[in-house]
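Trainee: what's the 3D shape of this:
(2 chains)
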Protein chains: 2
Amino acid sequence: MSRIADTPEPPYYAVIFSSLQGNDLDDYAETAARMEELAAAQPGYLGHESAREDLGITISYWKDLESIKRWKAQAEHREAQRAGRDKWYANYRVRIALVERDYGKPEGPTG
Amino acid sequence: MSRIADTPEPPYYAVIFSSLQGNDLDDYAETAARMEELAAAQPGYLGHESAREDLGITISYWKDLESIKRWKAQAEHREAQRAGRDKWYANYRVRIALVERDYGKPEGPTG
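Mentor: Predicted coordinates:
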């Protein structure tokens, strides 16, 4: 994804997922694409940004903690989280953060 | 940088910088490296994560809003911000977020 997420006025939440992949990436790309699609269909989803070099950073934006909790508990997503823990990621960290303020390039487009 | 930042127990702050580069990247790499070095020497700095494909995401972690404010106002950093606005970035967004909770791979190293 190569867009800056077009999020609304704060406050809203960010889930920051930082990860280092292992050697077994079987099914990874398909599952990642499917999870993006599923997340975007969840209530409270506000947007998504992602980049990877060695370190991967994926940020999803959400309306509130309740939306994040529901998405974390979603059945197909739980399976993907399990595969991430057991197979794809050598290490990862998830940070749940309340976006209090944002600003951008003065003359830039927002999307 | 290819490490997951070894941040302390929340709460702490994240500054999420999402950007799309333009065509003029004159001095960009040197300045980015210098800013990483300078940021790491600021009071309240807790760590840093970065990745770029088309979209670049750089997250710096800070002890509190006061540390973030001081870093934003640092003279050499202000010059870099100006060059970013005027020259390097076609678009960017900065999000200031309070990390309320984090967790990682159960058996993984923290760093």
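Trainee: and the spatially closest residue to A:G22 that is not a sequence neighbour, which helix or strand is it part of?
Mentor: Among residues not flanking A:G22 along the chain, A:A90 sits closest, at 4.2 Å (Cβ to Cβ, 6 or more residues apart in numbering or on different chains). All C-beta atoms are positioned from the backbone trio N, CA, C, and that covers glycine. According to DSSP states H and E, A:A90 maps onto strand A:89-104.
Trainee: buried ones in that strand, by neighbour count?
Mentor: Buried residues in strand A:89-104, counted by 16 or more other Cβ atoms under 10 Å in any protein chain shown: A:Y89, A:N91, A:Y92, A:R93, A:V94, A:R95, A:I96, A:A97, A:L98, A:V99, A:D102, A:G104.
Trainee: that older thread, A:S18 is in contact with the residue nearest to A:G22, correct?
Mentor: No: if you go by Cβ atoms under 8 Å, A:A90 and A:S18 don't touch, sitting 12.0 Å apart.
Trainee: paired strands for the strand holding A:A90, with orientation please.
Mentor: strand A:12-21 (antiparallel), strand B:89-104 (antiparallel) (DSSP bridges).
Trainee: ok, which of the ones you listed comes nearest A:I57?
Mentor: For A:I57, the closest of the strands paired with strand A:89-104 is strand A:12-21, at 5.5 Å, according to Cβ to Cβ.
Trainee: what are the contacting residues of that closest one?
Mentor: Contacts to strand A:12-21, defined as Cβ atoms under 8 Å, 6 or more residues apart in numbering or on different chains, come from residues A:28, A:46, A:54-65, A:67-68, A:84, A:88-99, B:2, B:4-5, B:14, B:16, B:49, B:59, B:95, B:97, B:99.
Trainee: tell me the first helix or strand C-terminal of it.
Mentor: Proceeding N to C from strand A:12-21, the next assigned helix or strand is helix A:28-40, under DSSP H and E.
Trainee: so is that following helix next to chain B?
Mentor: No: taking Cβ under 8 Å from any Cβ of the partner chain as the criterion, helix A:28-40 and chain B are apart, separated by no less than 13.2 Å.
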